[in-house]
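Need coordinates for the following:
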Amino acid sequence: MTSRSVVVVVFDGLQGLDLTGPVDVFDLANRVSGAERYTVTVAASRRAILATSSGIHIAVNVELGAIRRSPDTVVVVGGPGTAAALADGELLCELRRLSRRARRVTSVCSGAFLLAEAGLLDGHRATTHWAWCDAFADRYPHVEVDPAPIYVRDGNIITSAGVTAGMDLALALVEEDLGRDVALDVARQLVLFLRRPANQAQLSAPLHGQAAERNALRDAQRRIVEHPEADLSVAALADAVDMSARNFARCFRREVGQSPGRYVTAVRVEAARRLLEDTDRSVAEIATKCGFGTPETMRRTFLRVIGCGPAELRRRFRPQAA
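Residues are numbered from 1 along each chain as shown. Modelled structure (predicted):
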């Protein structure tokens, strides 16, 4: 098997793990498979000593313009230096050139801004770190921004969320190229999950839903998180905090940013996911404990919310237990 060429595009002020995370995944894939399946080149618009956002310095000796062979995969990192990199015309020009010739084009975190600035995401679905999705959508109206998943694939372009999601993305590429067994060995070496589903939410439900302003609604949020098995209908929640059902639903949506039903579903899915990953409890037991009632109801909810059923999720996270 010929080695796949991976070009990692970097700049001053990059997030260090955006670079080292995916590169370590590819390096371990080489070691696990016993051959050089990936040849990784780290390149910038010019040769320089670049500083990561944490102050670690990296010597980059390859200029993007010097890369003449078509890469298999392009990986664009992110980090606080992205804003300045958006003004680097040479970087954007070389990124367009390499991306047109690559089999796959990917980004980590705010690296999606560089892909969009280069015009590579117009008409495509994409994601980035949840904290930057609104700004990303405002700046690039021709990109369909999805703030929820840890990574999004649209054709040969794959964008991922913040920092460690770049490792999930790299593991997915290794599994696609070299098979599940190699990817699983890499994940075990790095003590990572193989692999979080692409559309698993970036944020947990309590974090994704902002904290309500009034105490009664915060009490309702706490009740939902602590007792997912309880009756969490609007009527029951409203009664528990001494509000009318109509006023409760209206205020909850306004202050939390989503309906009570959607919040309850997200919390229940997350609670069930943790039990599937961390315990040997049966699916039926988990369905009851997390408020789904039946395994079939839980399966349908999982398929709708995260794109895979409970059994598949457990197989991906805990293959031996499954």
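
Give me the below-cutoff pLDDT ranges for the chain.
Residues of the chain that meet the criterion pLDDT under 70 lie in 1, 193-212, 316-322.

80 instead?
Scanning the chain for pLDDT under 80 picks out the ranges 1, 148, 162-163, 191-214, 277-278, 307, 315-322.

just the strands in it please.
Secondary structure of the chain (DSSP state E): strands at 4-9, 38-44, 48-51, 57-60, 62-63, 73-76, 104-108, 125-126, 144-145, 151-154, 157-160.

From the contact counts, what lies against the third one?
Under the contact definition 3 or more CB pairs under 8 Å, 6 or more residues apart in numbering; DSSP states H and E, strand 48-51 sits against strand 57-60. Glycine gets a C-beta too; all of them are placed from N, C-alpha and C.

Identify the residues contacting the strand it packs on?
Contact with strand 57-60 is made by V10, G16, L19, V42, A43, A44, R47, A48, I49, L50, A51, T52, as judged by CB atoms under 8 Å, 6 or more residues apart in numbering.

Identify the residues contacting the last one.
Looking back up the chat, that one is T52. Contacts of T52 by CB under 8 Å, 6+ apart are G13, L14, Q15, G16, L19, I58, G79.

roughly how far apart are A83 and F302?
Going from A83 to F302 by CB to CB, to the nearest Å gives 38 Å.

of the two, who's got more company?
Per other CB atoms under 10 Å, whichever of A83 and F302 has more neighbours is F302, with 22 against 11.

so the more buried one touches P310, yeah?
Yes - using CB atoms under 8 Å, F302 is in contact with P310, at 5.5 Å.

Next, show the common contact partners of the two.
Shared contacts of F302 and P310, counting by CB under 8 Å, 6+ apart, come down to A272.

these two touch, right, L121 and L115?
Yes - L121 lies in contact with L115 (CB under 8 Å); the separation is 5.1 Å.

what's the overlap in contacts for those two?
Each of I157, T159 lies in contact with both L121 and L115 under the rule CB under 8 Å, 6+ apart.

can you give me the helices in the stretch 1-150 of the chain?
16-33, 82-85, 89-101, 111-117, 133-139 (DSSP state H, counting those that start in this stretch).

which residues are contacting the second one?
If I follow you right, that is helix 82-85. F11, D12, G13, L91, S110, G111, F113, L114.

Of the residues you listed, which is the most crowded?
G111 (30 neighbours).

Contacts only, for that one.
Per CB under 8 Å, 6+ apart, neighbours of G111: V9, D18, V75, V76, V77, G78, T82, T128, T159.

Now for the closest residue to the fifth one other than its chain neighbours, how many residues are close by?
Same thing as V77. Computed as CB to CB, 6 or more residues apart in numbering, the closest residue to V77 that is not its neighbour in sequence is D18, at 3.8 Å. For D18, the neighbour count with other CB under 10 Å is 30.

one step back: can you name the two of the contacts of G111 that are farthest apart?
Longest distance between any two of the contacts of G111 is 15.4 Å, between V9 and T128; criterion CB to CB.

sorry, back to before: with distance to A235 added, can I get the contacts of G111 in TSV?
Formatted as TSV, the contacts of G111 follow (distance: CB to CB, whole Å):
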residue	distance to A235
V9	54
D18	47
V75	50
V76	49
V77	49
G78	45
T82	47
T128	39
T159	41
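
Go through these and name the one nearest Y263.
Checking the contacts of G111 against Y263 with CB to CB, the nearest one is T128 at 23.9 Å.

what's the neighbour count on the residue nearest to F292 when sequence neighbours are not counted?
Closest residue in space to F292, ignoring its immediate chain neighbours: M298 at 3.8 Å, by CB to CB, 6+ apart. M298 sits with 24 neighbouring residues when counted by other CB under 10 Å.

With L19 instead?
Using other CB under 10 Å, L19 has 25 neighbouring residues.

same thing with C290?
By other CB under 10 Å, 22 other residues sit near C290.

same thing with the one 4 residues further on?
Counted by other CB under 10 Å, the residues lying close to T294 total 12.

How about the contacts made by the closest residue to it other than its chain neighbours?
Setting aside the residues directly before and after it, T294 is nearest to A287 in space (CB to CB, 6+ apart), at 5.9 Å. By CB under 8 Å, 6+ apart, the contact list for A287 reads A272, G293, T294, P295, T297, M298.
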